[in-house]
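A.B. asks: Got a sequence here, can you build the structure:
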Amino acid sequence: MGRWNVAAGRVPLPWGLRTAWSPDRMPYGSPYDWTRTLEADNGALVRGTLGMWDYGMALTQGYGMEDIEEFPGPGNLTARLGLTPDVEGSFTLGVSCAAGTAYASEHGHATGDAMAEERTALALDCTWLAGRGAYRFEGGARRAEGQWHGTLFGAADYALLPKLILQAAGQVYEHGPSHWYRRAYGGVSIPLPWFTLRGGYEYEKAEIEDHRVVVQLYRLFSFVR
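C.D. replies: As a prediction, this is how the structure comes out:
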């Protein structure tokens, strides 16, 4: 942490809720699956804090998880400006923007079907920690392939008991004119001594309806030699 930090190489992109939270580690589907948003890319990142403000800006190649075809590449600019008005950090608000060319598959990962996409995007994210609850929201709009697409995502964690957390999440995403994808999840999270047990029910309506019962064993660890 500091007024400014610089990183070069493969860097995380400063975007929305991803800046301080890892929704891809949750048992429900990531809110970024449908939006073709890159999670990381090759390039340079500048970020830091100034009082109640935090900022991040990344200038990257745009290839994401795909093979690098040329240097420096088509180019992609991603930036976020955040505000944390209280000392406790219980409320944060952020604005993100991106412009340039990005290579991404339908679900944001390298699957062999990625293609270059001219994209402009804006997003507003909010995190509120209140008592036993943690509430997160992100809404935005992306212009890709000549069309604008809107997206809304929300998630809530509520500690009903010290070892029982209720979880809920939902998302809608405009895939085409008047064509909305929808996803909803409800479940529980149980912290155990060696891992966290999460599980619940997820409903998704895209081209077809999909119903899933999800069980996840989660443990975060690091290793340094």
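
A.B. asks: Tell me the buried residues in stretch 125-134?
C.D. replies: By neighbour count on 16 or more other CB atoms under 10 Å, the buried set for stretch 125-134 is 125-127, 134. Placement of C-beta: from N, CA and C, glycine included.

A.B. asks: quick check, distance from that stretch to the centre of its chain.
C.D. replies: The chain centre lies 17 Å from the centre of stretch 125-134; the measure is CA atoms, centre = their mean, to the nearest Å.

A.B. asks: Only alpha carbons, please: show that stretch as CSV.
C.D. replies: What follows is the C-alpha trace of stretch 125-134 in CSV, where atoms were taken according to Å, rounded to 0.1, in the frame of the first residue of the first chain:
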residue,chain,number,x,y,z
ASP,A,125,-19.2,-0.9,-8.1
CYS,A,126,-20.2,-0.6,-4.4
THR,A,127,-19.3,-2.6,-1.3
TRP,A,128,-21.1,-2.1,2.1
LEU,A,129,-20.0,-3.9,5.2
ALA,A,130,-22.8,-3.5,7.8
GLY,A,131,-22.9,-5.4,11.0
ARG,A,132,-23.1,-9.1,10.2
GLY,A,133,-23.6,-8.5,6.5
ALA,A,134,-21.4,-7.8,3.4
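
A.B. asks: So for that stretch, mean pLDDT?
C.D. replies: The predicted model gives stretch 125-134 an average pLDDT of 96.

A.B. asks: Over to stretch 165-178?
C.D. replies: For stretch 165-178, the mean per-residue pLDDT is 88.
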